[in-house]
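Trainee: Here is a sequence with its predicted model. Questions after.
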Amino acid sequence: MEIISKFTIGSDEGVDDLFTVIKSSVNTTYQELISAEEIKQYIEGWDPRKMINELNDLSNQLIITYADHKPVGYGILRSGSVYPGSSEEKRLTELNFVILKEYDNAETRESLWKKCRAAASFTDIIWTNILTEDPLLEFLKEIGFSIKENTQSTPFQLPSYIIEMQVGKK
């Protein structure tokens, strides 16, 4: 299987690939926790034009991972995005890091992480809000993320952690 992660622009094709991964991930992640109707309403609320505009903001970057040309994961980096209680003296970048369950393996993780890490080399801290039960949590801890606080994730207010990784000088 050929695994490749690449920067993707906010275009119809890029957003289609992103939404393909998000839809599959949301359904898989939440099917045991949230009603099918709530998931359906959440997915129907997505606005491709709004996402294209968001991704074309110069402070945001989208990286999509493909397995044999099929989108199977993504990383979205948002420069300047902070969480309550974060350091005001540091440059923070929020990371959304998702890999579809059936493609979650070392090669896919490494491919996506290397691109995300390279894209965030300018920041002091990379952070994310990750479900407490997310299978990627252990991988993120292994590469240097640490739990900062317990919280809840959007959109369904489920138990999660704010985790962060020091990138720049401390």
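Mentor: That came through, no problem.

Trainee: where does the chain dip in pLDDT?
Mentor: Across the chain, the ranges flagged by pLDDT under 70 are 169-170.

Trainee: show me where it has helices.
Mentor: Counting by DSSP state H, the chain has helices at residues 12-30, 36-44, 48-55, 106-119, 136-142.

Trainee: Would you mark the buried spots in the fourth one?
Mentor: What that stands for is helix 106-119. 108-109, 111-113, 115-117, 119 (16 or more other CB atoms under 10 Å). (C-beta placed from N, C-alpha, C; glycine too.)

Trainee: mind exporting that helix as CSV, just the C-alpha atoms?
Mentor: Extracted in CSV, the C-alpha atoms of helix 106-119 (Å, rounded to 0.1, in the frame of the first residue of the first chain):
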residue,chain,number,x,y,z
ALA,A,106,2.7,3.0,12.1
GLU,A,107,3.3,4.0,8.5
THR,A,108,0.2,6.1,8.2
ARG,A,109,0.8,7.8,11.6
GLU,A,110,4.4,8.6,10.8
SER,A,111,3.5,9.9,7.3
LEU,A,112,0.9,12.3,8.7
TRP,A,113,2.8,13.3,11.8
LYS,A,114,6.0,14.2,9.8
LYS,A,115,4.1,16.6,7.6
CYS,A,116,2.2,18.1,10.5
ARG,A,117,5.4,18.5,12.5
ALA,A,118,7.2,20.2,9.6
ALA,A,119,4.3,22.6,9.1
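
Trainee: Not counting it itself, show me its contacts.
Mentor: Contacting residues not belonging to helix 106-119 are listed as 1, 3-7, 61, 63, 65, 67, 72-75, 77, 95, 97, 99, 126, 136, 139, 143 [CB atoms under 8 Å, 6 or more residues apart in numbering].

Trainee: which ones among those are found in strands?
Mentor: 3-7, 61, 63, 65, 67, 72-75, 77, 95, 97, 99, 126 (DSSP state E).

Trainee: Please pick the buried ones from these.
Mentor: Buried, going by 16+ other CB under 10 Å: 3, 5, 61, 63, 65, 67, 72-75, 77, 95, 97, 99, 126, out of the ones in strands among the contacts of helix 106-119.

Trainee: ok, which pair from the buried residues of helix 106-119 is furthest apart?
Mentor: 108 and 119 (17.1 Å; CB to CB).

Trainee: Find the residue at the geometric middle of the protein.
Mentor: With distances taken as CA atoms, centre = their mean, the residue of the chain nearest its centroid is residue 96 (1.7 Å).
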